[in-house]
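Engineer: Model the following, please.
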Amino acid sequence: MAKVVIFDSGVGGLSIFSELVRLMPEVSVVYASDNAAYPYGDKSERYLKTRVKACLDTLVQYHQPDMVVVACNTASTVVLPVLRAHFSIPVVGVVPAIKTAAQATKNGVIGLLATPGTVTRAYTEDLIIRFAKQCEVIKVGSRVLVDLAEAKLRSQAVDLNRLKQEILPFEQASVRPDTIILGCTHFPLLVDELQQIADVSTQWVDSGAAIARRVRTLLEQQKKLRPEHAGIYQAMFTTNSPAVTQLKPYLFQLGFSALSILPVDEAFTVFSEPKTANVVTVSQAVK
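Structural biologist: Here you go, the predicted model:
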């Protein structure tokens, strides 16, 4: 049975998880959130390279996945070359869907809504030069949307006024973008709310479906897919917190059957021994 590790600092990668299991319900998934270091968007490149590699070293060693998906735009724009040189299994990253937006726009103006780190990365600018040099690109960096998405999955109401303030630069542009890239995996979790407050003609694009198709292609090449099997889903967090407890009902709805709390220390000895992790079933946790 194919097994994939999906890794993020928070729960944004669950948007990738949803696309992946919709396309391939037979794939087992370990969703790993490094919430002890959340959010990644305000971390240095040096920190991210060390942290992400250390986390994934332990995850790969223990779970022996067929593939890793780094479901974080910020981390992907920094650490993919390091990870691909280090691991023998495929590592799939998530980067802003600039090419897709450039192909979809009708007025030649596209928006990039991402974390502050992603909008300023050289990697992102290179994508714009390669795929959207004929377009005007309005870039907006937001940390607030990350927190709003995390809160939404914990059953908290989304503050539409705060959300509207974050996308105000698009609304105030002399020519409004007709296509806006959701350049953080958290942001597709808010697409319903964004559609409520933005121009109804706005197209919202993200990388989720494309990443799922890429994973399927690689697993087919490895001959790992077994459609007759049902996937098993488990979630891992690097620290326990009230926020994790609040997420349990949502994880149960998505089909996760187990939750592991794996503490982190400050020296990047990332997880405690996995075999001694505190594992509880999600179904028990929501009773």
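
Engineer: use CA for all of it now, contacts and neighbours both
Structural biologist: OK.

Engineer: Run the chain-centre distance for stretch 87-105.
Structural biologist: 12 Å (C-alpha atoms, centre = their mean, to the nearest Å).

Engineer: can you check stretch 1-18 too?
Structural biologist: 7 Å.

Engineer: Skipping its backbone neighbours, what lies nearest residue 152 in space?
Structural biologist: Excluding the flanking residues, the one nearest residue 152 by C-alpha to C-alpha, 6 or more residues apart in numbering is residue 158, at 6.1 Å.

Engineer: Next, the one you found: secondary structure please.
Structural biologist: Judged by DSSP: H, G, I helix; E, B strand; the rest coil, the three-state class of residue 158 is coil.

Engineer: so it sits right up against residue 147, yeah?
Structural biologist: No: using C-alpha atoms under 8 Å, residue 158 makes no contact with residue 147, being 9.8 Å away.

Engineer: residue contacts, residue 157?
Structural biologist: With contacts defined as C-alpha atoms under 8 Å, 6 or more residues apart in numbering, residue 157 is in contact with residue 151.

Engineer: who has more neighbours, residue 158 and residue 147?
Structural biologist: Set residue 158 next to residue 147 and count neighbours by other C-alpha atoms under 10 Å: residue 158 wins out with 18 against 15.

Engineer: Let me see the confidence value for that one.
Structural biologist: Residue-level confidence at residue 158 comes out at 96, pLDDT.

Engineer: quick one: it and residue 114, what's the gap?
Structural biologist: As for residue 158, its distance to residue 114 is 18 Å (criterion: C-alpha to C-alpha, to the nearest Å).

Engineer: mind listing the strands for the stretch 51-200 of the chain?
Structural biologist: Using DSSP state E, counting those that start in this stretch, the strands of the stretch 51-200 of the chain run over 67-70, 91-93, 109-114, 136-141, 179-182.

Engineer: For residue 197, which of the ones you listed is the nearest?
Structural biologist: Closest to residue 197 of these is strand 179-182 (C-alpha to C-alpha; 13.6 Å).

Engineer: Now do the contacts for residue 6.
Structural biologist: Residues in contact with residue 6 (C-alpha under 8 Å, 6+ apart) are 13, 17, 29, 30, 31, 32, 68, 69, 70, 71.

Engineer: could you check the distance from the nearest residue to residue 261 once chain neighbours are set aside over to residue 200?
Structural biologist: Once flanking residues are discounted, residue 261 sits nearest to residue 237: 5.2 Å by C-alpha to C-alpha, 6+ apart. Plainly put, residue 237 is 37 Å away from residue 200 if you go by C-alpha to C-alpha.

Engineer: what do you get for residue 152?
Structural biologist: Taken as C-alpha to C-alpha, the span from residue 152 to residue 200 is 22 Å.

Engineer: part of a helix, is residue 32?
Structural biologist: No: applying three-state DSSP, one finds residue 32 to be strand, outside a helix.

Engineer: got the contact list for it?
Structural biologist: Residue 32 makes contacts with 5, 6, 7, 8, 235, 236, 237, as judged by C-alpha under 8 Å, 6+ apart.

Engineer: Identify the bridge partners of it.
Structural biologist: Here residue 32 sits in beta bridges with residue 7, residue 236, as judged by DSSP bridges.
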